[in-house]
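Engineer: My questions concern the predicted model and sequence given below.
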Amino acid sequence: MKKFSFLFIALLLGFLSTEGLLAQENSVSFQAKDLQLISQRYTGEQTNWPIVMELASHDSETNTFSLSSSAVLKLQNFSSAANLVNEQRTRIQELISSGATIFAEEQLKQAETTISDYQQQVKEGNLDEATRLAEQLPGTVDNLENILMENRLVDVQAQITKKTGEVDKRRGLLGSWEEAYKGDLLKELDGLKTFVESFANLSFSDGSTVSIEPETQAIIRKSRIDKLDESADTEITLENGSLLAKLSASGKSKSKYILNAGPSQSELKSQNFYAEAEGDQIAKLTNYDGMAIINSNNVTITIQQNEGTIVEEGRDPLPPVKLLPAPDLIWASKDTIIYRDQILFPFSEVEKAQEYRVQYSSSLNFDENVVSTITTQTSILLNDLPLGTTYVRVQASDELGLKGPFSETVRIIRNVDNKPPPLFVDNARNDLLFTQQKSIEISGVTEPNARLFMDGKSIDIERSGQFSIQRDLNQKDQILTLEAEDRSGNMTEKTIRIIRLTEADLYNLSIQGASGTDPIEPQRSEITISGSAYPGMEVEITLKEFRKIIKTDSKGRWGITFRPDSGKMVITFKNAYSGQTFFTKTYSVQLP
């Protein structure tokens, strides 16, 4: 026992000797060489040594410094202030990463000035003033964060871009209902209501749309956009009726979309989500793309593509249900030309289907002049079809009332003899066709029994009016002329521009503010990349977290200016209408 006690005392004395410290009655004495060690021990940082020097007394004969017990206590109290400053430094760096230099520049300068003043007071050994500035800093940083979020997050308005029949709007929760018009802008807490045989489309700033079906009432709870990354924060409440939410590609990937329906709340990561609500008691939710996270009664489930669920008040959501498949169409072709105002539309039976919903519309997107008919049969007579093109599709519903995905869409073209024959070219948009091959198949449809010519040469067509032509491309950019002539001599002419894409043409880039092409070495904080492609294309540029899509102008030109970061920059060329990817190329960006 004695041996252990002597050993402990010896170790303790050795430790005190190594540190060069002598402590008596809570006071501290130390050599000049231990100044930073004392600062670290009592204030938490070596850089606070001027504060220690200011509080310590100096014995010139022994060159020893002494801190009284009260001085030690002051230093220990100051350590809390020093820790507070370090915490706020970390917060400021996080806020800078969140865009403080752009959206709260003055408040950032104020916070940085407060830290600079604090550091100066520490250097001068002014403990009281340094402590005051440290205690003031959290409020300054709070203000910085508040201003940053106020400037980053801005309220945006949704616009009524489509309207059929009677549609009403309401300004705020307490406003009265009044007639809505195409082009009206709706903000947070505004409502929209449709009636029998009426329909409306709400479009949001990121390209997402919500189709409000007949006899539906919906409210915009939130509609904001983050200017830093252009992500949206949107919340909609479906009070009654049904709607179809179609998120844009960017909305699906980076924005937050919340849909409240009945007793449920759904976070959408889907470009095709359908909801039906019977007041606040029950909701039927079906998802046709991506996924959706459903929460109700404190239970969360995820429904994937072509799955659905039912949510009732006070009950857990029904586990995900696989939707019925789309009916197959018993149809000669996807395009049929008729000369009367009605036609029988047949489709195949789907096992376990309880009913079918047939929709037809004058719009390919089924967002205008939509007519829906419910039937238990596998065919339906479409009456009173208007002149021109009508699009038709069908879906099956199961015993729970969950609607499966729609079938393929067919075109019914109603014509009269005194009008030129219709002439459609598949995959052509604005009379443009893109290809990467040296030959192309040009297909489409015209009126049955019509005569078809390409650049004056007769082309065979099928009895249904469909045609398919294989064409070698001797030039990268060429024009073809199609002419369709019916039996009455009416003629339709269509000029198609065919563009054979090459990587060399698309990636002939102009880079300003940087040297080199690969690697690219920026010489300024912002660089500009531009090029010349073709109309109807879009360019997607990604670099780490940065992602931007640029559409070409009417002459095919495009360009972007941005702040680069080191890493792999990917440039992808796509069809702006179909999303088809043509070429992808990676460049290395190296900051100095």
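Structural biologist: Structure received. Quick caveat: nothing in here was measured; it's all calculated off a predicted structure.

Engineer: Look through the protein and tell me its longest helix.
Structural biologist: Looking across the chain with DSSP state H, the single longest helix is helix 69-97.

Engineer: Tell me the helix or strand right after that helix.
Structural biologist: Proceeding N to C from helix 69-97, the next assigned helix or strand is helix 100-103, under DSSP states H and E.

Engineer: which parts of the longest helix of the chain are buried?
Structural biologist: Neighbour-count burial for helix 69-97 flags 71-72, 74-75, 78-79, 81-82, 85, 88, 91-92, 95-96 (criterion: 16 or more other Cβ atoms under 10 Å). No exception for glycine: its C-beta is placed from N, CA and C like everyone else's.

Engineer: elements contacting that helix?
Structural biologist: strand 27-31, helix 35-43, helix 49-55, helix 105-123, helix 127-152 (3 or more Cβ pairs under 8 Å, 6 or more residues apart in numbering; DSSP states H and E).

Engineer: Any chance you could list what contacts stretch 281-289?
Structural biologist: Defining contact as Cβ atoms under 8 Å, 6 or more residues apart in numbering, one finds that stretch 281-289 is touched by 238, 261-264, 266, 270-277, 292, 294, 303-313, 323, 400-405.

Engineer: One more: stretch 113-120?
Structural biologist: In contact with stretch 113-120 (Cβ under 8 Å, 6+ apart) are residues 85, 88, 89, 92, 130, 133, 134, 136, 137, 140.

Engineer: Give me the below-cutoff pLDDT ranges for the stretch 101-250 of the chain.
Structural biologist: 153-154, 227, 229-230, 250 (pLDDT under 70).

Engineer: try the chain
Structural biologist: 1-25, 153-154, 227, 229-230, 250-251, 332, 417, 487-488.

Engineer: Touching stretch 317-325 from outside, list them.
Structural biologist: 264, 286, 294-297, 299, 301-304, 306-311, 350-353, 396-398, 400, 402-405.

Engineer: Check stretch 461-477 too.
Structural biologist: 332-333, 335-337, 435, 437-448, 450, 452, 454, 459-460, 480, 497-500, 502, 505.

Engineer: which of those count as buried?
Structural biologist: 335-337, 435, 440, 442, 444-448, 450, 452, 454, 459, 480, 497-500, 505.

Engineer: Of the residues you listed, which belong to helices?
Structural biologist: Counting by DSSP H, these contribute residue 505 to helices.

Engineer: what's near enough to touch the residue lying closest to residue 503 once chain neighbours are set aside?
Structural biologist: Closest residue to residue 503 apart from its sequence neighbours, by Cβ to Cβ, 6 or more residues apart in numbering: residue 583 at 5.2 Å. Contact partners of residue 583, counting by Cβ under 8 Å, 6+ apart, are 436, 501, 503, 506, 507, 572, 573.

Engineer: Check residue 43 too.
Structural biologist: Taking Cβ under 8 Å, 6+ apart as the test, what residue 43 contacts is 51, 52, 75, 76, 78, 79, 82.

Engineer: measure the third one to residue 460 for me?
Structural biologist: With distances taken as Cβ to Cβ, to the nearest Å, residue 75 is found 97 Å from residue 460.

Engineer: likewise the last one?
Structural biologist: Taken as Cβ to Cβ, the spacing of residue 82 relative to residue 460 amounts to 87 Å.

Engineer: try the fourth one
Structural biologist: Between residue 76 and residue 460 the distance, using Cβ to Cβ, works out to 96 Å.

Engineer: and if you look at the first one?
Structural biologist: Relative to residue 460, residue 51 is positioned 95 Å away (Cβ to Cβ).

Engineer: ok, now the second one?
Structural biologist: Residue 52 sits at a distance of 97 Å from residue 460 (criterion: Cβ to Cβ).

Engineer: re the thing from before, flag every buried residue along whichever strand or helix holds the residue nearest to residue 503.
Structural biologist: Taking DSSP H and E as the definition, residue 583 sits inside strand 581-589. By 16+ other Cβ under 10 Å, the buried positions in strand 581-589 come out as 582, 587, 589.

Engineer: same question, stretch 173-191
Structural biologist: 180, 184, 186, 188, 189, 190, 191.

Engineer: roughly how far is that stretch from the heart of the chain?
Structural biologist: In terms of Cα atoms, centre = their mean, to the nearest Å, the centre of stretch 173-191 is found 25 Å from the chain centre.

Engineer: Closest one of the contacts of residue 43 to residue 39?
Structural biologist: residue 52 (4.9 Å; Cβ to Cβ).

Engineer: That closest one contacts residue 42, correct?
Structural biologist: Yes. At 7.2 Å, residue 52 counts as touching residue 42 under the criterion of Cβ atoms under 8 Å.

Engineer: okay, these two: which has more neighbours?
Structural biologist: residue 52 (27 against 22; other Cβ atoms under 10 Å).

Engineer: So which elements touch the longest strand along the chain?
Structural biologist: Scanning the chain for the longest strand, with DSSP state E as the assignment, gives strand 231-246. Helices and strands touching strand 231-246, by 3+ Cβ pairs under 8 Å, 6+ apart, are strand 209-212, strand 217-226, helix 249-254, strand 256-261, strand 273-278.
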